[in-house]
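Colleague: Could you look at this predicted model? Sequence included:
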Amino acid sequence: MDQIIREAFIDSADIKRKFAEANESKIEEVVGEIVEAFKRGNKLLLFGNGGSAADCQHIAAEFVNRFKIERPPLPAIALTTDTSIITSIGNDYDFSDIFAKQIKALAAEGDIVIAISTSGNSPNVLKGMEAGKKLDLLTILFSGGNGGKALELSDYTFLVPSGDTPRIQEVHITLAHVLCEMVDFKLFKGA
């Protein structure tokens, strides 16, 4: 039992370290894109399924409320929260349309789409990203393994070097926290 616990933490730390080493410059580029979008008055639109849906909500809350410093709210919407919209679209059309229709309704020119999918193959995530591309939005993918079909639809891709869903999700939320911290730093601490 002790060994299983220790190995889980060691694996998580090792994967995070490898991810950080491989993606540091890309993280800086994406921070710059998000900062410029917020300066223009644009917003983030986030979507994913299951644990990734929870991550979307978590990330949106960090931007809208606060992260580590006191600052004005920043616009971010998790497209995973309105059960009336989600069930209506799922019932009247198809569950694979739940994110695409919201993007078509809510997105404005210059907004940024963040899709989170450990496999990169969820049909509703793929359709959401396709909707973002058709509107010429910047698309960012958090995924794992080889990124699946979503890889072709993303402008920036963060692939966690693992096939283990819990380890992939642990890196995703750490990445999101780093993005929040760096965006706050650049927008409000003059970096």
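Modeller: Cool, the structure landed.

Colleague: Then residue 136 would be within a strand, right?
Modeller: No: per DSSP: H, G, I helix; E, B strand; the rest coil, residue 136 lies outside any strand segment and is coil.

Colleague: Quick check: it vs residue 122, distance?
Modeller: Using CB to CB, to the nearest Å, we find residue 136 at a distance of 23 Å from residue 122. C-beta here means a position set from N, CA and C on the backbone, and glycine is covered the same way.

Colleague: When those two are compared, which one has more neighbours?
Modeller: residue 122 (24 against 11; other CB atoms under 10 Å).

Colleague: who touches the closest residue to that one other than its chain neighbours in this structure?
Modeller: Using CB to CB, 6 or more residues apart in numbering and skipping the chain neighbours, the partner closest in space to residue 122 is residue 49 (5.5 Å). By CB atoms under 8 Å, 6 or more residues apart in numbering, the contact list for residue 49 reads 80, 117, 122, 124-125.

Colleague: Could you pull out the strands in this structure for me?
Modeller: 44-48, 76-78, 112-116, 138-144, 156-160 (DSSP state E).

Colleague: Where does the prediction get shaky in the chain?
Modeller: Where the chain drops to pLDDT under 70, the residues are 190-191.

Colleague: what about the longest helix in it?
Modeller: helix 2-40 (DSSP state H).

Colleague: Return the set of buried residues in that one.
Modeller: 12, 15-16, 19, 23, 27, 30-31, 33-35, 37-38 (16 or more other CB atoms under 10 Å).

Colleague: Report the contact partners of the spatially most central residue of the chain.
Modeller: For the chain, residue 114 is the residue whose C-alpha lies nearest the centre (CA atoms, centre = their mean; 4.0 Å). The neighbours of residue 114, taking CB under 8 Å, 6+ apart as the test, are 44-47, 56, 59, 140-142.

Colleague: wait, isn't residue 40 in contact with residue 110?
Modeller: Yes: if you go by CB atoms under 8 Å, residue 40 and residue 110 touch, sitting 5.3 Å apart.
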